[in-house]
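[1] generate a structure from the sequence data that follows.
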Amino acid sequence: MRVVVQRSKNASVTVAGEVTGQITKGLVLLVGVTHEDKQEDAAYLADKIANLRIFEDEDGKMNFSLMDVGGEILSVSQFTLYGDCRKGRRPNFMGAARPEQAVELYEVFNSLLREKGIRVETGIFGAMMDVELINDGPVTLIIDSKA
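    Next comes the predicted model:
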């Protein structure tokens with residue numbers, strides 16, 4: 001699994017003109033699943049992201065985690081994270097898991113975050129979504145469960 005993590009002051013996702021998820025201070029997660037991913041990958045990433053120290057303390061140093069600051073998560077499924085752009089001009093998405101496998105792991109990932117007491121909002125899996133955010137910092141990281 002691969003997740004783009006963006007520290008956010010405010011974010012929302014809209015599907016067909018309707019807001020399906022909205023957060024204030026927290027993280028926007030773009031979540032991609034590949035063929036060989038398992039529940040262990042989802043568990044690893046949920047723990048890593050919940051405890052990643054990327055929020056600033058009183059001295060301006062990144063010492064606090066999402067759990068420490070009581071932040072929220074906006075989780076958005078994103079199969080294009082496995083787009084291969086090395087050949088030609090059109091990305092190849094063969095690295096992305098099939099929807100039936102990806103949706104299961106995406107939901108497991110979100111459930112694991114909720115089990116930690118984190119408020120998790122989402123888009124709609126497989127839908128065309130508009131994501132708006134105010135990226136705080138900006139702080140943007142890419143975390144891969146295989147790396």
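[2] from here on, just use CA atoms for contacts and neighbour counts.
    Will do.
[3] what segments of this structure are helices?
    39-51, 66-69, 99-115 (DSSP state H).
[4] out of those helices, nearest to M128?
    helix 99-115 (14.2 Å; Cα to Cα).
[5] any buried residues in that closest one, and which?
    Buried residues in helix 99-115, defined by neighbour count with 16 or more other Cα atoms under 10 Å: 101-103, 105-114.
[6] which parts of this protein are strands?
    Taking DSSP state E, the strands of the chain run over residues 2-15, 18-23, 26-32, 55-56, 62-64, 72-77, 120-122, 130-144.
[7] okay, those strands in TSV with mean pLDDT, mean neighbour count and distance to D47 next?
    Shown next, in TSV, are those (pLDDT from 0 to 100; neighbours: other Cα atoms under 10 Å; distance: least, Cα to Cα, whole Å):
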stretch	mean pLDDT	mean neighbour count	distance to D47
strand 2-15	98	21	13
strand 18-23	97	17	20
strand 26-32	98	26	14
strand 55-56	96	17	16
strand 62-64	97	14	14
strand 72-77	98	26	13
strand 120-122	98	20	14
strand 130-144	97	14	12
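[8] okay if I get the ones you listed as a markdown table plus distance to D84?
    Formatted as a markdown table, the strands of the chain follow (distance: least, Cα to Cα, whole Å):
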| stretch | distance to D84 |
| --- | --- |
| strand 2-15 | 14 |
| strand 18-23 | 29 |
| strand 26-32 | 13 |
| strand 55-56 | 32 |
| strand 62-64 | 32 |
| strand 72-77 | 17 |
| strand 120-122 | 25 |
| strand 130-144 | 15 |
